[in-house]
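*Asks:* sequence and predicted structure, then a few things I'm wondering about:
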Amino acid sequence: MFHQRHLTRWRAIGLGAALSFSSVVCAPQVANATIVERVVAVVGERAILMSDLRDRATPLLMRINQEVPAGSQRSAAISQLYKSAIERLVDEELIARTARKSKIIIADKDVDQALATLAKQNSISVERLMIEARTQGQTDAKYRDEIRRQLLEYRVMNLRLQGRVQVRDEDLRRAYHEIVLQERKKQDFTVAWILIRPQAGSSSAQELANDVDLQLRQGRDFGDLARQFSTDRKTAVKGGFLGKFAPGKLPAAIDRALLSLEPGEHTIPIHIGDSFAIVRLVSRQPSELPTLEEARAELTERVYSDKMSQARRRWLDGLRKQMHVEIRL
């Protein structure tokens, strides 16, 4: 199935002439009746109406009504949906203004090409793509409008931000490290430890733990030090071998410290209650991740996308400060 995000992205503002900034807009009287429209936001001299907001929210409103129980839970979900939608509508108006100033226009043929590309990516026909959009509460015209807005935003972002976003090797290494840590939170591991409890008539547990840590850094064998100093005699006789564990089965401080270790490395002394533990990672379940070099292309795309998203938000926030923006929802 193709990506649902292409079907649920918000519809951009399509107000014709600029409207007044009153809290409601009254259409001409017809048969002694007055049609009243609430203004939910103002961007510069343009107003966003409640009808625009509801129109844009229709696809997700359908989903909320189907999946969220009626009552306070559904009301809260709809309220959050409207808040997110109005923020999106304001952003789209700011982008549209920039596009007009930069004379960026998305032609019908551009939309046709984008639909064809999207359909090909999802191994379906364009007609099937449009059918899926209709099931999400979109008409063909509205879905084409959504694609047009996405193309417009893409071109504006490239024009305004492309030169500001760069992906460096350190960015890739940092991103890869985060992925590794996330995987390690699910991997079993085997450890040994040296547990040092307070003992009457001897140095403090912390002083002894620091001394043992220093000896380890000077090259002393972990097993020898465990047999000599660990107060957990059951494991001390085995060189401190503690066993195999799943993440979350040891104290949280130990779990966190082990995440950054490679097999053969040990932690600094970790305070546990009134005791201190030095834990050695013996082994870890093999990783299923590709190497950094193997993942470089995909990782570069991901990091670039994240950086572009952050730059986009900063740019739009800057535009908001330069223009009268008022949200009345």
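*Replies:* Structure received. Numbering: from 1, shown residues only.
*Asks:* quick check: longest strand in the chain by residues?
*Replies:* Across the chain, the longest stretch assigned as strand under DSSP state E is strand 275-284.
*Asks:* okay, the angle between the helix or strand containing H177 and strand 275-284?
*Replies:* Element membership for H177, per DSSP states H and E: helix 169-184. Angle, helix 169-184 to strand 275-284, by axes from the mean of the first three to the mean of the last three C-alpha atoms, to 10 degrees: 100 degrees.
*Asks:* what lies in contact with the longest strand of the chain?
*Replies:* Strand 275-284 is contacted by residues 184, 187-198, 205-206, 208-209, 212-213, 216, 222, 231, 240-242, 254, 257-258, 261-270 when judged by C-beta atoms under 8 Å, 6 or more residues apart in numbering. Bear in mind the C-beta positions are built from the backbone N, C-alpha and C, glycine included.
*Asks:* next one: stretch 315-328
*Replies:* Defining contact as C-beta under 8 Å, 6+ apart, one finds that stretch 315-328 is touched by 21, 23, 38-44, 86-87, 90-91, 94-95, 98, 160-161.
*Asks:* secondary structure class for L242?
*Replies:* Following DSSP: H, G, I helix; E, B strand; the rest coil, L242 is assigned to strand.
*Asks:* for it, give me its contacts.
*Replies:* Counting by C-beta under 8 Å, 6+ apart, L242 touches V191, A192, W193, T235, V279.
*Asks:* can you list the low-confidence ranges for the stretch 201-329 of the chain?
*Replies:* Along the stretch 201-329 of the chain, segments meeting pLDDT under 70 span 201-203.
*Asks:* quick one: the strands in it, in order.
*Replies:* For the stretch 201-329 of the chain, strands defined by DSSP state E, counting those that start in this stretch occupy the ranges 241-245, 270-272, 275-284, 325-327.
*Asks:* show me how far the longest one is from its chain's centre.
*Replies:* Remark: strand 275-284 is offset 32 Å from the chain centroid, using C-alpha atoms, centre = their mean, to the nearest Å.
*Asks:* can you pull the buried residues of it?
*Replies:* For strand 275-284, the neighbour count (16 or more other C-beta atoms under 10 Å) marks S275, F276, A277, I278, V279, R280, L281, V282, R284 as buried.
*Asks:* hang on, the earlier thing: just the ones in helices from the contacts of L242, please.
*Replies:* T235 (DSSP state H).
*Asks:* among the contacts of L242, who's most crowded?
*Replies:* Greatest neighbour count in the contacts of L242, by other C-beta atoms under 10 Å, goes to V279: 26 neighbours.
*Asks:* please name the bridge partners of it.
*Replies:* With DSSP bridges applied, V279 shows beta-bridge pairing to W193.
*Asks:* show me what the helix or strand containing I147 is packed up against.
*Replies:* Element membership of I147 [criterion: DSSP H and E] is helix 140-161. With contacts defined as 3 or more C-beta pairs under 8 Å, 6 or more residues apart in numbering; DSSP states H and E, the packing partners of helix 140-161 are helix 5-8, helix 72-101, helix 108-121, helix 126-135, helix 296-322.
*Asks:* if we go to 10 Å?
*Replies:* For helix 140-161, the elements it packs on are helix 5-8, helix 50-67, helix 72-101, helix 108-121, helix 126-135, helix 296-322, judged by 3 or more C-beta pairs under 10 Å, 6 or more residues apart in numbering; DSSP states H and E.
*Asks:* restricted to buried residues, select the contacts of strand 275-284 in ChimeraX.
*Replies:* Command for ChimeraX that selects the buried part of these, burial taken from 16+ other C-beta under 10 Å:
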select :184,189,190,191,192,193,194,195,196,205,208,209,212,213,216,222,240,241,242,254,257,258,261,266,267,269,270
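*Asks:* contacting residues around I78?
*Replies:* The neighbours of I78, taking C-beta atoms under 10 Å, 6 or more residues apart in numbering as the test, are A57, L60, L61, I64, N65, V68.
*Asks:* filter those residues to the buried ones?
*Replies:* In terms of neighbour count (16+ other C-beta under 10 Å), the buried residues within the contacts of I78 are A57, L60, L61, I64.
*Asks:* the first one touches S84, doesn't it?
*Replies:* It stands for A57. Yes - assessed by C-beta atoms under 10 Å, A57 is found in contact with S84 at 9.0 Å.
*Asks:* sorry, back to before: between helix 108-121 and the helix holding I147, find me the angle.
*Replies:* Going by the same axes, to 10 degrees, helix 140-161 makes 100 degrees with helix 108-121.
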